Each structure stands twice: as C-alpha cells, then as structure tokens.
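*Asks:* Here is my input; please provide its structure:
(one chain, ligands or ions: 3)
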Amino acid sequence: MTAIETETFLEYILVEHRWIIVMVALLPISLIWKIWSTFRNYVVFKLNSAPKMHIKKVKEVQSQVKAWLAGDRSTRLCTARPGWQAMSFRQGIYKKTFTNIKVNLVDVLEVDMENMTVRCEPLVTMGQLSRTLEPLGLALAVVPELDQLTVGGLVMGTGVESSSHIYGLFQHFCLQYELVLADGSVVTCSKDENPDLFYAVPWSYGTLGFLTSAVIKVVPAKKYIRLEYRPYNKLSELSHHFIEESLKDKPHEFIEALLFTKNSGVLMTGNMVDKIGDDGKFNPIGKWYAEWFFKQVERHLTNNRTAVEYIPLRDYYHRHTRSFFWELQDIIPFGNHPIFRYLLGWLMPPEVSLLKLTQPEAVTKLYDKAHVIQDMLVPVEHLEKAIDVFHDEFEVYPIWLCPFRVFNHPGQLKIKTNADSQMFVDIGVYGVPKAKGYETVPSTRRIEAFVSKHDGFQMLYADTYTTREEFRAMFDHTLYDKVRDSLPYCKDAFPEIYGKVNRNVRK
Ligand SMILES: Cc1cc2nc3c(=O)[nH]c(=O)nc-3n(C[C@H](O)[C@H](O)[C@H](O)COP(=O)(O)OP(=O)(O)OC[C@H]3O[C@@H](n4cnc5c(N)ncnc54)[C@H](O)[C@@H]3O)c2cc1C
Ligand SMILES: NC(=O)C1=CN([C@@H]2O[C@H](COP(=O)(O)OP(=O)(O)OC[C@H]3O[C@@H](n4cnc5c(N)ncnc54)[C@H](OP(=O)(O)O)[C@@H]3O)[C@@H](O)[C@H]2O)C=CC1
Ligand SMILES: CC(C)=CCC[C@@H](C)[C@H]1CC[C@@]2(C)C3=C(CC[C@]12C)[C@@]1(C)CC[C@H](O)C(C)(C)[C@@H]1CC3
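*Replies:* Ligands and ions are numbered 1, 2, ... in the order given. Sure, this is the predicted structure:
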C-alpha cells in the first residue's frame, strides 16, 4: 500500500466505521480519562477550591484583565476554557488569537435554604450541582440534561429543559450575577441593581464581561418522576395536546415530546413524587444495561397505548445523556444492542471532550455536509407549521420538542407581545438529513428565515448562517448596544455576539 492509499483507507475507516476507533481506542481511553480526570479534578478542586477563597480568585481574574488593560490592547479577550472541553458544537478559532483569561472558579459557594437559592462559580457543572443539591432535597428549577454543561456557559448562552414551560430559560431563574468587567472592576447586578447589565448578560456569550458567580433559584425535589407516555399518530393531534398541556393554568411539572415521523410521536408529561404508585412500573432508565431512553419511548408508540412509569429523579434528568439524545447511534450503531449494553454499557457514553479532541478533519467535514444539529425556538402556536417546514428541508427524526416560557424582560430575547410571558417550543433536530435536495447552508438558511419570520430564535451553541443584519433582527440589540457603549473598554475587549457565534468565526 502506498502512503496515499493507507491515508485513504484510514480516512474510510474513520468516517464510515468510527465505531471501530471508538471501541478500540476511545472507550478504553475514556475509562482511563474518567479515572484520571476524577483524580485530577479532585486535586484541582482541593487546590483551587474553598468558597472562602472566592474573593481572592476573583482578584486573580481582575489582575489578568488589568494586565491586558495596561498593555497595547491589540488583542481581545475570551475565557481560557479550550473549545474541546466545551459543549458548544464548534471550536471558536478566536481562542487561538484572543488573550485567554483563566476563570478557574469551580465551587458551589452557598446553598441558602431560606431563600431557596444556590450561589455558584461559573465552572460548576450540572452534574456537580445536581449531586450537591440532591441530598438536600433540592434541584435547580430547570436542569439542562448534559452533565458537563457549566453555569458560566448556560448563563452566557442559554439553558432549556422539560420544566422550562414553568420556570423559563436558565436566565429566567438566575437572580444575580457577579462579573469582572473590561476595566478590571467587579460588579454585581440583579433586577434591582444595575438592571441594564443584568438583562443584557444572558445570550451575550462572554462579550460584556467575565462571570465570576451567579445566584440561582432552586426548588424542592422528590425521589421519582411519575411519567405518562401518550402516543399519537396524527401531527395535528399531538400538536394540539402539546400546546394544551403547556398552556394549562396548573400544568404538569415536566413536558416533552419526541416525534418519530412527521405524523407520529409520544407526548410525555411528568410530576415529582415521593413514592412509587401501583398504576405503573418502576423503570430505572439510568442503569448501565437499560435501553436507550428514546428507544424506550418509541416502543410506547408501537404499543399505541398510554402508559405510566416511575423513574428515579436523577435518571430522568439525565435521560438523554447516555445516548446523546440519538447522536450516539451514528457513532456506535450497535450501542443499544442488549449484549453490548450488559457487557459494556457501563463504559457509555464516551467523553464528549475526548470525542471532540480526537475528531478527524474528515468527520468534521462529514458533519458539515450531511448532518444537522440545530435547536430552533418558535412561538408554540406555529408548532405544526414548523414541523412541516422542518420535514421539507431536513427530514430528520426523531425530533425533540420541549415547551418553554419566555418572560417579558428587557434584553436580547424580546417577545412581541405585551403579556407577562409567551410560550415557545424548542424544536431540536439532530441527525442525518434525508430530505431531497438537502444542502447545509441553503437549507439551514431557509429554516432560519422561517424562524425569524415567525418571531423565533436560534440557539447559538450550533452554527448560525444568518448575516449580521438578520442576526440583529432576530435578537434585539437595543439594550445590549447601550450597555456596551456605557461600559469602559468593553468594545476594545470583546467582539459583538455575532462576531463570536457566526459560522466563519467559529470554524
Ligand atoms: C475543576 C473541577 C473540579 C471538580 N472537583 C470535584 C470534586 O472534588 N468533588 C466533586 O464531587 N465534584 C467535583 N467536580 C464536579 C465533577 O467532576 C463533575 O460534576 C462530574 O464530571 C460529573 O458528575 P456526575 O455526577 O455526572 O458523575 P457520574 O454520576 O459518575 O456520571 C458519569 C456519567 O454518567 C451519566 N449519568 C449519571 N447519572 C445518570 C443517570 N441517572 N442516568 C443516565 N446517565 C447518568 C452522566 O451523564 C455522566 O456522563 C469538579 C469539577 C471541576 C470542573
Ligand atoms: N439543554 C440545553 O439547554 C443545552 C444547552 N447547550 C448550550 O451549550 C452551551 C453551554 O456549554 P458550556 O460547555 O457550559 O459552555 P461554553 O464553554 O461552550 O461557553 C458558552 C459561551 O459562554 C461564554 N462563557 C462561559 N463561561 C464564561 C464566563 N465565566 N465568563 C464569560 N463568558 C463565559 C463562553 O465564552 P468564551 O467563548 O470566551 O469561552 C462562550 O461564548 C450554551 O451555549 C448552551 O446554550 C448545549 C446543549 C444542551
Ligand atoms: C437544547 C438542547 C437540548 C440541545 C441538545 C444538544 C445536543 C443534541 C448536542 C450538544 C452537544 C452536541 C452538539 C455534540 C454532539 C452531538 C449533538 C450534541 C450532543 C457530538 C457528540 C456529535 C458527534 C461529534 O463528532 C462530536 C463528538 C464532536 C459532538 C460533540 C457535541
């Protein structure tokens, strides 16, 4: 074999049979990595961690910003967290050219049982937080499902889950932020103190300052979720019941739906309970041998009857983690086979950071060309129409549907109504498009235009192909521009949001 033939063969294996690499190399390395990172995290945690040290650690962030201020300011600033560690889909090339500010703040600072709040540093992960809160009988009002998501990323970006129809997005149950600004000062903001800054921070993607802590609302938690599965074979019916459940005065605590074809899907409604009732079976979906959750949901569609299950709380919160929704089936096609699950299920899922770190160029190109990862947020009344358009442009199933409330607050997410809030639906499309004539950029641009026209928004952890003007029409920049104008050195230190999330910058 010549060198070129070997390279082509390797590329073929990497692209067509990624599972071989994942099985032979990544899963064992993931295991070693998990052991190592648990140890490393423990050491880093012990060295860096002490809630009392918070002020000192914030001063370290300040001194890095002040050092930049004292220099020629020819570069801009971003956090030093490498792209491969982050959950955002693309690695921003700006990490290589901007001055990287280390924000090594990893602690849960305080749980206030009286005011039902928790104060966290930005690198606290959802896994760490749910583990801290569970023994206290508490949970975040909304728990974004992937463990590695951080408070910093969710505040500066956004977070949504199946209780968001009650509590809203991550920004809506954060009560206070502490930030280091471009002039090196520390400020706190809330709805009563520096309100302009407070409302401009969410969706600002680190372009106003560095978050050093956030006060977040918590709610009482119970041991199990009683989950009811309701299958439908007509989109109009599913859509009708989904909207009806979301808009109820006293809705279920959790609402989510999975569409398996354009006309069939399962609506799931859940509530926290302390005891397992006798109207359904106990299903610990988090066990290593358990079938992937979306496959279990699909079976309720095949059975075509309503069913009830009792699921341990943490298993429910992480129900989509073990299969990365349904993304893992493209990487390990037999990952849900019973033999695999019983023998090796405990190794799953492979570490996202390792997958990202070892992703060959050929796979990146394949994902660019023939894979959709998008969450589009549209007012819930347009659900049926949106599914029609998504079907024509992408034809990717399953589709994730999750209702969420947007409160009428100032900021980038401006709703076009005078009411207190408006109900939206997150339409999550992850997979290989089967629609005829699919082409990544034109098809996604048509979807973006549909979303904009219907007063919706695009989640920005994935790619946006909008122009700057279209982006500014989707996200209201009035308050954001005002805040950037008023903060000293802000425009020198940080690009605009578009400059960070736009496809060409985030290559
Ligand atoms: C710098 C740093 C230092 C840290 N130091 C510490 C420390 O010293 N002590 C500490 O306690 N934490 C620490 N943490 C937090 C901790 O390492 C992370 O929270 C951890 O990576 C994830 O915790 P986990 O609860 O998901 O772990 P696990 O429960 O072991 O989860 C492992 C995997 O299984 C999945 N999973 C878990 N439960 C379920 C379920 N029920 N159903 C389906 N899937 C499930 C998860 O998604 C995850 O992929 C630190 C974090 C950082 C960033
Ligand atoms: N269920 C859900 O809601 C899900 C949400 N997501 C998305 O994933 C992203 C979160 O992933 P995660 O890995 O936690 O975050 P990332 O590291 O991807 O960070 C996301 C953005 O937040 C900025 N940021 C993070 N921490 C700070 C800080 N302390 N100060 C200033 N800016 C900061 C980053 O800036 P910089 O570029 O400078 O590093 C970056 O622009 C969010 O965009 C979220 O919407 C993904 C999956 C599911
Ligand atoms: C709002 C909600 C619920 C969003 C869910 C988004 C998930 C489906 C996304 C977040 C991270 C994500 C982009 C990821 C991937 C799939 C889709 C994920 C899991 C994968 C695993 C696809 C395969 C890729 O080679 C690679 C490993 C880089 C990524 C990693 C991140």
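
*Asks:* Leaving out chain neighbours, which residue sits closest to His454?
*Replies:* His382 (4.8 Å; CB to CB, 6 or more residues apart in numbering). No exception for glycine: its C-beta is placed from N, CA and C like everyone else's.

*Asks:* how about the CA coordinates for the helix or strand harbouring Arg131, as CSV?
*Replies:* Per DSSP states H and E: Arg131 is located in helix 126-133. This file holds the C-alpha atoms of helix 126-133, laid out as CSV (Å, rounded to 0.1, in the frame of the first residue of the first chain):
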residue,chain,number,x,y,z
MET,A,126,-24.8,20.5,36.1
GLY,A,127,-23.6,17.1,37.3
GLN,A,128,-21.8,18.6,40.3
LEU,A,129,-24.8,20.8,41.1
SER,A,130,-27.4,18.0,41.0
ARG,A,131,-25.1,15.9,43.2
THR,A,132,-24.8,18.7,45.7
LEU,A,133,-28.5,19.6,45.8
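
*Asks:* roughly how far is it from the heart of the chain?
*Replies:* Centroid separation for helix 126-133 versus its chain: 16 Å, with CA atoms, centre = their mean, to the nearest Å.

*Asks:* Same question for stretch 180-200.
*Replies:* In terms of CA atoms, centre = their mean, the centre of stretch 180-200 is set 24 Å apart from its chain centre.

*Asks:* Could you report the distance from the residue nearest to Ser164 when sequence neighbours are not counted to ligand 2?
*Replies:* The shortest distance from Ser164 to any residue other than its chain neighbours is 3.4 Å, reached at Phe404 (CB to CB, 6+ apart). In this view, Phe404 and ligand 2 are 10 Å apart by CB to the nearest ligand atom, to the nearest Å.

*Asks:* Residues of the stretch 151-300 of the chain that sit close to ligand 1?
*Replies:* Gly286 (CB under 6 Å from any ligand atom).

*Asks:* list the contacts for Leu313?
*Replies:* Neighbouring residues of Leu313 by CB atoms under 8 Å, 6 or more residues apart in numbering: 134, 139, 221-225, 272.

*Asks:* buried subset of the residues you listed?
*Replies:* Neighbour counting by 16 or more other CB atoms under 10 Å classes 139, 221, 224-225, 272 among the contacts of Leu313 as buried.

*Asks:* For the most centrally placed residue in the chain, give me phi and psi.
*Replies:* Closest to where the C-alpha atoms of the chain average out (CA atoms, centre = their mean) is Gly159, at 5.5 Å. Dihedral pair for Gly159: phi -140, psi 140, per degrees, to the nearest 10.

*Asks:* doesn't Val151 make contact with it?
*Replies:* No: at 9.2 Å, Gly159 does not count as touching Val151 under the criterion of CB atoms under 8 Å.

*Asks:* any shared contact partners between these two?
*Replies:* Contact criterion CB under 8 Å, 6+ apart; residues shared by Gly159 and Val151: none found.

*Asks:* quick one: stretch 248-257 to chain centroid distance?
*Replies:* Between the centre of stretch 248-257 and the centre of its chain there are 20 Å (CA atoms, centre = their mean).

*Asks:* Please convert the contacts of Leu313 to a markdown table, extending it with distance to Leu169, secondary structure and pLDDT.
*Replies:* Output for the contacts of Leu313, formatted as a markdown table (distance: CB to CB, whole Å; DSSP: H, G, I helix; E, B strand; the rest coil; pLDDT from 0 to 100):
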| residue | distance to Leu169 | secondary structure | pLDDT |
| --- | --- | --- | --- |
| Glu134 | 23 | helix | 88 |
| Ala139 | 17 | strand | 94 |
| Ala221 | 20 | coil | 95 |
| Lys222 | 23 | coil | 95 |
| Lys223 | 27 | coil | 94 |
| Tyr224 | 26 | strand | 96 |
| Ile225 | 21 | strand | 97 |
| Met272 | 21 | strand | 97 |
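
*Asks:* Sketch out the low-pLDDT regions of this protein for me.
*Replies:* Across the chain, the ranges flagged by pLDDT under 70 are 1-15, 37, 40-42, 44-46, 48-49, 90-91, 503-507.

*Asks:* Domains in it, by residue range?
*Replies:* Listed by automatic domain parsing, the domain ranges of the chain are 46-221, 224-322.

*Asks:* between those, which one is nearest to ligand 2?
*Replies:* Among the domains of the chain, domain 46-221 comes nearest to ligand 2, with 2.0 Å by CB to the nearest ligand atom.

*Asks:* can you give me the strands for the stretch 1-150 of the chain?
*Replies:* Applying DSSP state E, counting those that start in this stretch to the stretch 1-150 of the chain gives strands spanning 77-79, 99-101, 108-112, 117-120, 138-140.

*Asks:* Looking at those strands, spot the one closest to ligand 1.
*Replies:* Ranking the strands of the stretch 1-150 of the chain by proximity to ligand 1 (CB to the nearest ligand atom) places strand 108-112 first, at 9.2 Å.

*Asks:* Paired strands for the helix or strand hosting the residue nearest to Ser164, with orientation please.
*Replies:* Per DSSP H and E, Phe404 falls inside strand 399-407. Looking at strand 399-407 with DSSP bridges, its partner strands are strand 254-261 (antiparallel), strand 421-431 (antiparallel).

*Asks:* Let's have those in JSON lines, adding distance to Asn233 and mean neighbour count.
*Replies:* As requested, these are arranged in JSON lines below (distance: least, CB to CB, whole Å; neighbours: other CB atoms under 10 Å):
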{"stretch": "strand 254-261", "distance to Asn233": "9", "mean neighbour count": "22"}
{"stretch": "strand 421-431", "distance to Asn233": "20", "mean neighbour count": "22"}
